[in-house]
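> pasting the structure only:
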Ligand SMILES: Nc1ncnc2c1ncn2[C@@H]1O[C@H](COP(=O)(O)OP(=O)(O)OP(=O)(O)O)[C@@H](O)[C@H]1O
């Protein structure tokens, strides 16, 4: 308790913290809360599960209690689920203030949101796309006077990933005052520092937890080298093993696409595993329902795309399984950070195929740690291989009978229209690119083939020469 008092927080906030079991400040809180209370911009980079949310929520609530008005603070975050989680922390910690918050995310009713915004909530927690839509289309609210702008998972908000937030962010940055405190947090800030400095311009206080290894100490990180075709059998085997050995463990499985996520969930259900899926092709209500079932441990297995890779705080998660090796070390760091949070233990297992070894090397290089092999009796996996592969195929056929692919196509078209692009032109462009790519590939293969033939011929010639030499030698003897 004393620790928080020393940082300059009021006793009512410290009482609220203790109700959440937050008794002693974590390193990021200890270092970032004082400069934020002093009024400085802040960039905080600390490992997953180290309490970054409270590091900005606590000082903001304290400042809000000094001078309460709406809209006081805007928090931006890349995913809808994360927005709800952050709002929850504000609500619990800010209860004595009678805090009014408002969550502005896609997939929810826009009119109801506009109404809520017009009622001047103290804190708005939003995903950039939907908030930018409100700014463009409505004049019933203003964020011109906010005191705090927070970018949680700041590096993700500023990078141009598969969901590009930069244009929406531009709209939002033009709508907030230049005189504000900007707080940027993430477990992986360092490679976007330059971009971040353009958002937090007032000589920001930068704090990074210094540690050789970039992942959490309590996390046991393993890999299994598996042939691509046997991957699903390994997955089923691992889940069965963990379920048999640790009834109370929750498991998060990450996949690379929505379709794989959907199919694997169907497959796990066929094997009677209590699993739910979470990906961006699901309706928002289904997404929330799935997450609630997993959080309450009614379903102990969550199979998700990277939409769940960042920020989600579910203390019961003991194991993270990467069904695919993440293409970027950064994504690996966030995915495996869903376990071993706030000082707890946890395990992460990455299924690595023969094509992914270079990705593992990149991950190891970035986190500064070698993954250890997770030993499995291959014989036991092979016993279930046929059954698993047949079940997966059946699930694929079942999914083909639904409108899953069609919906995906519609979603893609919607996204392109929103980005101001013509979907038909884009499709044509993509087809042309695909054609060029194929031609290039064919050309490359042709060259490789010719080179190989040359090499083979050379070897043949050498062999022949050697053979002749030996023959001559023998004849001379
Ligand atoms: N000082 C503290 N002592 C103990 N637990 C804490 C403390 N501060 C926060 N926590 C708890 O630790 C958990 C993780 O915190 P939080 O979600 O803020 O992590 P994070 O650093 O934002 O992680 P990520 O990078 O994954 O988003 C939460 O359940 C939170 O309530």
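Looks like it came in fine. Please read these numbers as outputs of a predicted model, since none were measured by experiment.

> Doesn't residue 240 belong to a strand?
No: following the definition DSSP: H, G, I helix; E, B strand; the rest coil, residue 240 is helix and is not counted among the residues of a strand.

> Enumerate the residues of this protein near the ligand.
If contacts are counted using Cβ under 6 Å from any ligand atom, the residues of the chain sitting beside the ligand are 20, 22, 24-26, 29, 46, 48-54, 187, 311, 313, 337, 341-342. From N, CA and C alone the C-beta is placed, and that goes for glycine too.

> Which ones among those residues map onto helices?
Using DSSP state H, the members of the residues of the chain next to the ligand that fall in helices are 29, 52-54.

> between those residues, which has the most around it?
For those, the largest neighbour count, defined by other Cβ atoms under 10 Å, is 28 neighbours, found at residue 29.

> From residue 5, how far out is it?
Using Cβ to Cβ, to the nearest Å, we find residue 29 at a distance of 13 Å from residue 5.

> same check, this time on residue 345
Taking Cβ to Cβ, one finds residue 345 at 30 Å from residue 5.

> Residue 395 now?
According to Cβ to Cβ, residue 395 stands 56 Å off from residue 5.

> what's the answer for residue 349, then?
Separation of residue 349 from residue 5 (Cβ to Cβ): 42 Å.

> related to what we said a few turns ago, dump the ones in helices among the residues of the chain next to the ligand to TSV, plus pLDDT and distance to residue 36.
Rendered in TSV, the data for these read as follows (pLDDT from 0 to 100; distance: Cβ to Cβ, whole Å):
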residue	pLDDT	distance to residue 36
29	97	10
52	97	12
53	97	13
54	97	12
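
> Quick check: the two most widely separated of the residues you listed?
Among these, the pair separated by the greatest distance (Cβ to Cβ) is 29 and 53, at 9.8 Å.

> Around residue 92, how many other residues sit close by?
When neighbours are defined as other Cβ under 10 Å, residue 92 has 14 of them.

> Could you do the one 3 residues further on as well?
Residues lying near residue 95 (other Cβ under 10 Å) number 13.

> Residue 362 too?
By the measure other Cβ under 10 Å, the count of residues near residue 362 is 17.

> isn't it right up against residue 326?
No: contact criterion Cβ atoms under 8 Å: residue 362 and residue 326 do not qualify, at 9.5 Å.

> which of residue 395 and residue 5 has more neighbours?
Just comparing residue 395 and residue 5: by other Cβ under 10 Å the higher neighbour count belongs to residue 395, 19 against 12.

> residues contacting that one?
Residue 395 makes contact with 263, 266-267, 270, according to Cβ atoms under 8 Å, 6 or more residues apart in numbering.

> most surrounded residue in the residues you listed?
In terms of neighbours by other Cβ under 10 Å, the contacts of residue 395 top out with residue 267 at 24 neighbours.

> which other helices and strands contact the host helix or strand of that residue?
Using DSSP states H and E, residue 267 falls within helix 258-270. Applying 3 or more Cβ pairs under 8 Å, 6 or more residues apart in numbering; DSSP states H and E, one finds that helix 258-270 makes contact with helix 231-245, strand 275-278, strand 301-304, helix 378-400, helix 404-418.

> at 10 Å instead, please
When contacts are defined as 3 or more Cβ pairs under 10 Å, 6 or more residues apart in numbering; DSSP states H and E, helix 258-270 sits against helix 231-245, strand 250-254, strand 275-278, strand 301-304, helix 378-400, helix 404-418.

> Identify, out of those, the most deeply packed stretch.
Each of those was assessed for mean neighbour count using mean count of other Cβ atoms under 10 Å. The highest is strand 301-304, with a mean of 27.

> avg pLDDT for that strand?
Taken as a whole, strand 301-304 has an average pLDDT of 98.

> distance between it and the chain's centre?
Averaged C-alpha coordinates place strand 301-304 at 13 Å from its chain's average position (Cα atoms, centre = their mean, to the nearest Å).

> Sheet-wise, list the partners of it with their directions.
Taking DSSP bridges as the criterion, strand 301-304 forms sheet pairs with strand 250-254 (parallel), strand 275-278 (parallel).

> so how far is residue 258 from residue 308?
For residue 308, the distance to residue 258 equals 12 Å [Cβ to Cβ].

> more neighbours, those two?
Legend: neighbour count by other Cβ under 10 Å for residue 308 and residue 258, higher for residue 308 (27 against 21).

> what are the phi and psi values for the more buried one?
Dihedral angles phi and psi of residue 308 (degrees, to the nearest 10) take the values phi -110, psi 10.

> In the stretch 151-300 of the chain, where is pLDDT below threshold?
Flagging of the stretch 151-300 of the chain using pLDDT under 70 yields the residue ranges 161-162.

> same thing but at 50, please
With pLDDT under 50 as the threshold, the stretch 151-300 of the chain has no low-confidence stretch at all.

> What's the nearest residue in it when you look at the ligand?
residue 187 (4.0 Å; Cβ to the nearest ligand atom).

> That residue touches residue 214, doesn't it?
Yes: in terms of Cβ atoms under 10 Å, residue 187 counts as a neighbour of residue 214; the distance is 8.1 Å.

> so what's in contact with those two at the same time?
Taking Cβ atoms under 10 Å, 6 or more residues apart in numbering as the contact criterion, the residues that touch both residue 187 and residue 214 are 47-48, 330, 333.

> export the residues you listed to JSON lines and tack on pLDDT and neighbour count?
Rendered in JSON lines, the data for those read as follows (pLDDT from 0 to 100; neighbours: other Cβ atoms under 10 Å):
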{"residue": "47", "pLDDT": "96", "neighbour count": "24"}
{"residue": "48", "pLDDT": "97", "neighbour count": "25"}
{"residue": "330", "pLDDT": "95", "neighbour count": "24"}
{"residue": "333", "pLDDT": "97", "neighbour count": "22"}
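
> Pick the one among these closest to residue 113.
Relative to residue 113, the closest of the shared contacts of residue 187 and residue 214 is residue 48; by Cβ to Cβ it sits at 29.8 Å.

> need the contact list for that closest one.
By Cβ under 10 Å, 6+ apart, residue 48 lies in contact with 186-188, 214-216, 219, 310-311, 313, 333-342.

> Now do the strands in this protein.
Defined through DSSP state E, the strands belonging to the chain, from first to last, are 42-45, 73-76, 101-104, 123-126, 148-152, 181-186, 205-208, 219-225, 250-254, 275-278, 301-304, 317-322, 346-352, 372-373.
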